[in-house]
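Q: Next comes the sequence, and after it the predicted model I'd like to discuss.
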Amino acid sequence: MTGLGELGGTGQAMAWPIFCIPFIQICTPCHWAWPHYFYTFLSNDSCASITAVVAAALKMVSVEATSSTKSSETVSLGENPNQPVFPSYPRRKFGLKSPVFRAFQSSWYKRWPWIHYDQANDCVFCFTCLKAKRLGMLKTCASKGEEAFLSRGYTNRKDVSGKHGGFSKHENSQVHRHSIEITSKSMGDVGELLLLSEIKKEKEKNRAYLQKVLQNVIFLARQGLSFRGTWVVLESGQEVSGAEVNSNFHQLLLLRSNDDPTILEHMQRKIRKYTDHHIQNELLKILSLGHLRSIAAGIRESGYFTLESDEVIDASNKEQVIICLRWVDVNFEVHEDFIGLHSVPDIQTATIVSVLKDTILRMNLRLSICRGQCFDGAANMKKTAEEIKAIEPKALYLHCYSHSLNLAVSDTRGLGQYGDQNS
């Protein structure tokens, strides 16, 4: 296919379509009809330079890109979606080897009432999402597939009505559902309101299931049972550890599914089962923070508290500080609550005082209502009591009775007839 033109008048024949068509296909991957147009254009003897061809291609690409990126900004929105009914709609070409022409269908309006047809560009927008975007209420980030219904317009006509088609995917997307929720009051469309009611029902089911998961977390934490545990299962005659189905958490959900079959339905999902260990840890953290807030509220109501603390070195040789608060409620009931176990770089007085002050501050309490300190007799803890008392003189220091008893028993075992260490 040589002899179709000359390169800049040099007299050197060149196969123009072989060189130019791949370039045009790269520039415009969605418009496969263009290479045929340029083949005809290049076959004309009036084409003298490849520069003109490339310039023409880039110009058409820039015009198409500009129109597509600005299409959503120029689309006019009324009170209802634009759904004109024409005898025929423009046909678009799809495919290369066996091209098929497809056109928009007005019957889609009934199945998807949110369709907003732009006849100027022969594309489809989502009226609900576009309205939410124009009002500045759409905060959810759209994926590339959803961006077509919001910005450039959806032009694909292949398998739009299937279960996994473009319209069905968008209708079930988080972006569309979020748009329905925030615009339902102003729209009042029957189809959208029906879909909104379905979304509300699904939310109620998810919340009910999440409550069951939360109850599981509370039960296992209250009883001090491991969530995942150490388990071993047989697989092909070999022991395999780490099967989630044998964990305490999973088995407890299965047990409760006998009374509520919806639990089993959620557990069989591939996503949003809320059984991952990250979810469990997050729920435990929320519960612990809620419990600490409840303790802090009770202390603020009672008016005063006593600070208890001790340092310890664990099996891995790491220093830790334990903090407890003792207080009396309005019904004269004594509470002694464990507040936290904090890892510290050392057990110097300055470090311990800093941890105590930080813990009190995080609970929205003040050292000015501290009326007592209870530590052991170690030198660093005595200095800690002195620094706390310098801040609040009314915080009286008391040597821990348990530690005093421990010292007394230890001394007793070393005296007289009690000197036998095995006694």
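A: Here it is on my side, so go on. Residues are numbered from 1 along each chain as shown.
Q: And stretch 180-200, end to end?
A: Start-to-end span of stretch 180-200 (C-alpha to C-alpha, to the nearest Å) is 11 Å.
Q: Next: stretch 247-261.
A: First-to-last residue span, stretch 247-261, C-alpha to C-alpha: 20 Å.
Q: Name the residues of it that are buried.
A: Neighbour-count burial for stretch 247-261, counted by 16 or more other C-beta atoms under 10 Å, picks out 247-250, 252-253, 257. For glycine as for every other residue, the C-beta is placed from the backbone atoms N, C-alpha and C.
Q: Name the surrounding residues that touch it.
A: Residues outside stretch 247-261 that contact it (C-beta atoms under 8 Å, 6 or more residues apart in numbering): 212-213, 216-217, 219-220, 225-229, 231, 244-245, 263-264, 267, 275, 280.
Q: CA atoms only for stretch 363-381 - export them in PDB, please.
A: These are the backbone C-alpha positions of stretch 363-381, laid out as PDB (Å, rounded to 0.1, in the frame of the first residue of the first chain):
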ATOM      1  CA  MET A 363     -10.600  11.600  81.400                       C
ATOM      2  CA  ASN A 364     -11.600  15.300  81.700                       C
ATOM      3  CA  LEU A 365     -10.800  15.300  85.500                       C
ATOM      4  CA  ARG A 366      -8.600  17.700  87.600                       C
ATOM      5  CA  LEU A 367      -6.000  16.900  90.200                       C
ATOM      6  CA  SER A 368      -7.700  19.600  92.300                       C
ATOM      7  CA  ILE A 369     -10.400  17.100  93.300                       C
ATOM      8  CA  CYS A 370      -7.900  14.400  94.200                       C
ATOM      9  CA  ARG A 371      -8.100  13.700  97.900                       C
ATOM     10  CA  GLY A 372      -5.800  10.700  98.300                       C
ATOM     11  CA  GLN A 373      -2.800   8.900  96.800                       C
ATOM     12  CA  CYS A 374      -2.100   5.200  97.300                       C
ATOM     13  CA  PHE A 375       1.300   3.800  96.200                       C
ATOM     14  CA  ASP A 376       3.800   1.300  97.500                       C
ATOM     15  CA  GLY A 377       6.900   2.400  99.500                       C
ATOM     16  CA  ALA A 378       9.400   2.400  96.700                       C
ATOM     17  CA  ALA A 379      11.600   5.500  96.500                       C
ATOM     18  CA  ASN A 380      10.300   6.600  93.100                       C
ATOM     19  CA  MET A 381       6.700   6.300  94.200                       C
END
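Q: got the CA coordinates for stretch 333-349 in CSV?
A: C-alpha atoms of stretch 333-349 as CSV (Å, rounded to 0.1, in the frame of the first residue of the first chain):
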residue,chain,number,x,y,z
GLU,A,333,-21.2,2.9,97.1
VAL,A,334,-17.4,2.5,96.8
HIS,A,335,-15.9,2.0,93.3
GLU,A,336,-12.4,1.0,92.6
ASP,A,337,-12.0,1.1,88.8
PHE,A,338,-9.1,0.0,86.6
ILE,A,339,-8.3,2.9,84.2
GLY,A,340,-5.3,1.8,82.2
LEU,A,341,-2.0,0.0,81.7
HIS,A,342,0.6,2.2,80.1
SER,A,343,4.0,1.2,78.7
VAL,A,344,6.7,3.6,79.7
PRO,A,345,10.4,4.0,78.7
ASP,A,346,11.5,4.0,82.4
ILE,A,347,10.0,4.1,85.9
GLN,A,348,11.6,7.4,87.0
THR,A,349,9.5,9.8,89.0
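Q: list the buried ones in it?
A: Those buried within stretch 333-349 under the rule 16+ other C-beta under 10 Å are 337, 339, 342, 347, 349.
Q: cool, and stretch 351-366?
A: 351-353, 355-356, 359-360, 363, 365.
Q: same check, this time on stretch 371-382
A: Buried, per 16+ other C-beta under 10 Å, within stretch 371-382: 371-376, 380-381.
Q: from those residues, which is closest to residue 87?
A: residue 371 (88.3 Å; C-beta to C-beta).
Q: which secondary structure element contains the closest one?
A: strand 370-375 (DSSP states H and E).
Q: So in that sheet, which strands flank that strand, and in what orientation?
A: strand 305-313 (parallel), strand 396-399 (parallel) (DSSP bridges).
Q: residue boundaries of the helices in the stretch 301-423 of the chain?
A: Assigned helices in the stretch 301-423 of the chain, in chain order: 349-362, 379-391, 401-412 (criterion: DSSP state H, counting those that start in this stretch).
Q: what would those helices look like in CSV with mean pLDDT?
A: What follows is the helices of the stretch 301-423 of the chain, written out as CSV (pLDDT from 0 to 100):
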stretch, mean pLDDT
helix 349-362, 92
helix 379-391, 90
helix 401-412, 82
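Q: just so I know, which of those helices lies nearest residue 156?
A: Per C-beta to C-beta, nearest to residue 156 of the helices of the stretch 301-423 of the chain: helix 349-362, 53.9 Å.
Q: Contacts for that closest one next, please.
A: So helix 349-362 is contacted by 307, 309, 311, 321, 323, 339-340, 342, 344-345, 366-367, 370, 380-381, 383-384, 387-388 (C-beta under 8 Å, 6+ apart).
Q: orientation of it relative to helix 379-391 in degrees?
A: Angle of helix 349-362 versus helix 379-391, following axes from the mean of the first three to the mean of the last three C-alpha atoms, to 10 degrees, is 50 degrees.
Q: where in the stretch 151-300 of the chain is pLDDT low?
A: 161-163, 182-199, 229-243 (pLDDT under 70).
Q: where do the strands sit along it?
A: Counting by DSSP state E, counting those that start in this stretch, the stretch 151-300 of the chain has strands at residues 232-235, 238-241.
Q: Show me which of the buried residues of stretch 247-261 is closest to residue 291.
A: residue 249 (20.1 Å).
Q: Longest helix in this protein, by number of residues?
A: helix 190-223 (DSSP state H).
Q: Which strands and helices lie in contact with that helix?
A: Applying 3 or more C-beta pairs under 8 Å, 6 or more residues apart in numbering; DSSP states H and E, one finds that helix 190-223 makes contact with helix 174-187, helix 248-256, helix 261-267, helix 277-302.
Q: Reformat these as a markdown table; add distance to residue 152.
A: Formatted as a markdown table, these follow (distance: least, C-beta to C-beta, whole Å):
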| stretch | distance to residue 152 |
| --- | --- |
| helix 174-187 | 15 |
| helix 248-256 | 45 |
| helix 261-267 | 37 |
| helix 277-302 | 36 |
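Q: Between those helices, which one is closest to residue 202.
A: helix 174-187 (9.2 Å).
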